[in-house]
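S.K.: Sequence and predicted structure are below.
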Amino acid sequence: MSSTTAQSLSRATTATFEELALLFPELDLSAVQAAAPLDVAVSVEFRGPLTGRLVVRASQCLLPAIAANMLGAEESKQAPLQRDALGEVGNVICGHVLPLIAGADKLFNLAAPLVVDGDELPHRDDDEPAARVQIGVEDGRVETVLYLFDTQAAAA
């Protein structure tokens, strides 16, 4: 795992939570944050100069605050809006990290985000993360994982 890729993923993740979700991520997790389950996830697949997938796993308890802050409303109790908000967080993190690692002039095609509960995300047995970042947010935590696929090896 490249430290530059991990730093780029960390920067994109923290910036997205600060600027879009209006929440303040912590790189050093408290005991409460570290124990919080990662029980909801979003996956965003991308193609372009790099092919891969970005996965954001989060504690379910964060979704109402994320959705409310993004919508500029009171705490959102509507599960579909909360899941859509997490999907948008995944999209934005992906859109921020790809230019950082591939170059600002590169173009990518991002698939629609797929939001699921727990570990229901589709995966390949040989998936190895290129970078993994974990942050604490309020009383929960978020883990962002970037997978880069070797399309030449897959075509052979």
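M.R.: On my side now, so go ahead. Numbers count the residues shown, from 1 in each chain.
S.K.: The strand or helix carrying residue 67 - what's its average pLDDT?
M.R.: When elements are assigned from DSSP states H and E, residue 67 belongs to helix 63-71. Average pLDDT, helix 63-71: 91.
S.K.: by contact count, what packs against it?
M.R.: On a contact count with 3 or more CB pairs under 8 Å, 6 or more residues apart in numbering; DSSP states H and E, helix 63-71 meets helix 79-102. All C-beta atoms are positioned from the backbone trio N, CA, C, and that covers glycine.
S.K.: Could you list the buried residues of the helix it packs on?
M.R.: Neighbour-count burial for helix 79-102 flags 81-98, 101-102 (criterion: 16 or more other CB atoms under 10 Å).
S.K.: again, but for stretch 38-52
M.R.: 38, 40, 41, 42, 43, 44, 45, 46, 50, 51, 52.
S.K.: Reformat these as TSV; add distance to residue 113.
M.R.: Output for the buried residues of stretch 38-52, formatted as TSV (distance: CB to CB, whole Å):
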residue	distance to residue 113
38	16
40	12
41	10
42	5
43	7
44	5
45	9
46	11
50	18
51	17
52	14
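S.K.: what kind of secondary structure is residue 116 in?
M.R.: Classification of residue 116 using DSSP: H, G, I helix; E, B strand; the rest coil returns strand.
S.K.: doesn't residue 55 make contact with it?
M.R.: No: using CB atoms under 8 Å, residue 116 is not in contact with residue 55, being 10.1 Å away.
S.K.: Show me the common contact partners of the two, please.
M.R.: Common neighbours of residue 116 and residue 55 (criterion: CB atoms under 8 Å, 6 or more residues apart in numbering): 41, 42, 43.
S.K.: Who are the packing partners of the helix or strand where the first one lies?
M.R.: This points to residue 41. Here residue 41, judged by DSSP H and E, is contained in strand 40-47. Here strand 40-47 touches strand 51-58, helix 79-102, strand 109-110, strand 114-117, going by 3+ CB pairs under 8 Å, 6+ apart.
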